[in-house]
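Trainee: How does the following fold in three dimensions:
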Amino acid sequence: MSSCVKPPIRQSNKTTPVVLLHCFDSSCLEWRCTLPLLEEAGLEAWAIDVLGWGFSDLESRPPCDVASKRRHLYQLWKSYIRRPMILVGPSLGASVAIDFTVHYPEAVEKLVLINPSVYAEGTGHLAKLPELVAYAGVSFLKSLPLRLYANMLAFNSIPFLTILDWTNVGRLHCFLPWWKDSTVSFMFSGGYNVISQIKQVKHKTLIICGEKDQIVSYKLVVKLHSELSNAIIREVSDSGHLPHVDNPKCVAKLIANFAEDDADVDAKRSFCLALAQETALRR
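Mentor: The predicted model follows:
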C-alpha cells in the first residue's frame, strides 16, 4: 500500500494536479504547512511518500532502488491521478522528479524543483560497504542528534523548539520495522545520478531556491537553470534549504502562480477563438 495525502475533493479534469514529493529519507509530513495553503489556492494537491521512505507498507521488503521508486510512483499516478501533473521535488526529491519525468514525460505537465540536489553521483562508496557496517550507519542516520543537526543546517532563523518539532516529525517513519532494510536497499543500489538526464527535460520548470541555503550551492542552481531548456528561477528571501518549511506562504504562492500560468493562457486562447468565430459568423 502507498502512503499519501489525497485531496479531499477531486477537481475537474481541466485542472492540473500538483504532486508533492519530499526530500531524502523524509515523508509527506514535510508538506504539512504548505499543502493546506495550496488547497486554499484552489489546487488539487497530493503529497506522496516515495517508495522506501515515508509510511508506505513495505512488509514484503520490496527492492527500493531508483527503478523501483520510479515504477511505484508511475503506478500510483496511473491508478489514481491519471492526468499530467505538476511534479514538485525538493532537494533529492528534485532528482526523483527529473528521473521520473525523463522516463514518463506524458505523466508530467510541469516541474517545480526546490533547492534541487541533482548533481550528486549517487550514494558513491556507501554502495560498497559491508552489510553489517551499512546497517550500523543507517541506525545512526535516524538518531536524534544527527537529525537535529541536519535540520539546524537546513532551516534558517526559526526557533529551536520548532526545529526540534520538525526533527521529531521528520524521523517518525524511521521507526517502522522495514525502514532499515529499505534504506540499505537504496544505498546498495547506487542511488540517484541524474546528471546525464537533465538536458533531456523539456518541460516548463520553476526552480525555487532559498536565499540562505547552506546545503545546495547557488552556483549549482544557476548551472541547472542553464542546462534546462525551459526554466525560470525564483528566490525565497530569508529561507534555508527547505523554504516550504521556512516560508510556506511564499512557496505556496509561487507554486500556485506557476500552476495558473497555463490556465490563463488557455482561457485567453479560448476567448480569442470564440471571438474569432463570432466575428466570422457576423461576416
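
Trainee: Could you tell me which residues make contact with the residue nearest to Ile81 when sequence neighbours are not counted?
Mentor: By the measure of C-beta to C-beta, 6 or more residues apart in numbering, the closest residue to Ile81 outside its immediate chain neighbours is Pro17, 5.5 Å from it. C-beta: built from backbone N, CA, C; applies to glycine. Contacts here follow C-beta atoms under 8 Å, 6 or more residues apart in numbering; on that basis Pro17 touches Pro7, Gln11, Leu43, Glu44, Ala45, Trp46, Ile81, Arg83, Met85, Ile86.

Trainee: With Thr34 instead?
Mentor: Leu20, His244, Val245, Pro248, Val251, Ala252.

Trainee: if we can go back for a sec, strands - which of the contacts of Pro17 land there?
Mentor: Secondary structure defined by DSSP state E assigns Ala45, Trp46, Met85, Ile86 of the contacts of Pro17 to strands.

Trainee: residues of stretch 219-227 that come out buried?
Mentor: Within stretch 219-227, the residues that count as buried by 16 or more other C-beta atoms under 10 Å are Leu220, Val221, Leu224, His225.

Trainee: Could I get the full set of strands for the protein?
Mentor: According to DSSP E, the chain carries its strands in the segments 4-5, 18-20, 45-48, 85-90, 108-114, 204-210, 231-236.

Trainee: At the geometric centre of this protein, which residue do we find?
Mentor: Nearest to the mean C-alpha position of the chain, counting by C-alpha atoms, centre = their mean, stands Gly89 at 2.0 Å.

Trainee: okay but it is in contact with Asp99, surely?
Mentor: No - because the distance of 9.6 Å does not satisfy C-beta atoms under 8 Å, Gly89 is recorded as not touching Asp99.

Trainee: Next one: the nearest residue in space to Gly89 that is not next to it in sequence relative to Ile195, how far apart?
Mentor: The spatial neighbour of Gly89 that comes closest, neighbours along the chain excluded (C-beta to C-beta, 6+ apart), is Ala97 at 3.3 Å. In this view, Ala97 and Ile195 are 15 Å apart by C-beta to C-beta, to the nearest Å.

Trainee: what do you get for Asp246?
Mentor: Applying C-beta to C-beta to Asp246 and Ile195 gives a distance of 28 Å.
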